[in-house]
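# Below is the sequence, then the predicted model.
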Amino acid sequence: MGYVSAASVPQPRAARADGAASPSGGRRTLASALLLGALGATVVLLASGQIWARGTAAVGGGTVDLDATGGNVTGVPTALAIVGLAALVAVFAVRGTGRLVVSGLLALSGAGAAAAAFLGASDSAALDEKAATTTGDTAATVAGLSHTVWPYVAGAGALLILIAGLLALRYGKAWPAMSGRYERDGGPRRKAAPVVDPERPEDLWKALDRGEDPTRGE
């Protein structure tokens, strides 16, 4: 009886450990990053326009209600959300090291926006400034300060941008780049040669004027 060596027995291929190595894995991570990045930026922009803090200021023996939107508290989340959207689009326009840099910018935009939003959840400076303006007293501060849930909503949206950036850093190499048909090669475009109809004398004369042989190709 002959012996079959272990080397001659076909071995099953090892399963791919990296999901980005397969086309389907690359498409899934690409779709996830796009969805998370766009959704996160939208949430940050919407939440930043909402009221983040409320309070009162004493004026003439009474009180005046004051409120501050996310934009009054800090403009950082809004600015970084816009930067994140631009970076999300730019990821597909660059390759290699450029894609790595843009992906890092996307992740940093999300991290910075999240930090600013969470810090703004306990901020009172914006309402103190409004209290001083309302009362005419530069030393006036807001009373009865309270905060809404919107800073945390903005922070959650920023974390989605951060996750999109991390996905781009991890799997971006497997993602497609902008199609070459949208890129100009800078070379001159060749004009198609006019079609010469041998049954039309005017076409024959025009071909002769151009220095062409109208009988070529017959």
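Received it, and whenever you're ready, just let me know what you need. As the structure is a computational prediction, the values presented were derived from the model and not from experiment.
# How about the helix or strand where V83 lies, which residues are buried there?
Using DSSP states H and E, V83 maps to helix 76-90. Using 16 or more other C-beta atoms under 10 Å as the test for burial, helix 76-90 gives V76, P77, T78, A79, L80, A81, V83, G84, L85, A87, L88, A90. C-betas here are computed from N, CA, C, even on glycine.
# same question for that helix, mean pLDDT?
Throughout helix 76-90, pLDDT has a mean value of 95.
# for that helix, packing partners?
Packing partners of helix 76-90 (3 or more C-beta pairs under 8 Å, 6 or more residues apart in numbering; DSSP states H and E): helix 23-48, helix 70-73, helix 96-120, helix 150-171.
# looking at these, which is closest to G136?
Nearest to G136, of all these, is helix 70-73, at 19.3 Å by C-beta to C-beta.
# Let's see that closest one as CSV, backbone CA atoms only.
Extracted as CSV, the C-alpha positions of helix 70-73 are listed here (Å, rounded to 0.1, in the frame of the first residue of the first chain):
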residue,chain,number,x,y,z
GLY,A,70,-24.9,75.4,20.9
GLY,A,71,-23.5,78.1,18.6
ASN,A,72,-23.6,80.6,21.5
VAL,A,73,-21.7,78.2,23.7
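# Please name every helix or strand in contact with that helix.
Packed next to helix 70-73, using 3+ C-beta pairs under 8 Å, 6+ apart, are helix 23-48, strand 51-59, helix 76-90, helix 96-120, helix 125-135, helix 150-171.
# Looking at these, which one is packed in the most?
Most buried of these, by mean neighbour count (mean count of other C-beta atoms under 10 Å): helix 150-171, with a mean of 23.
# got the angle between that one and strand 51-59?
150 degrees (axes from the mean of the first three to the mean of the last three C-alpha atoms, to 10 degrees).
# re the thing from before, out of the helices and strands packed on helix 70-73, which is closest to T141?
That would be helix 125-135 among the helices and strands packed on helix 70-73, by C-beta to C-beta, at 4.9 Å.
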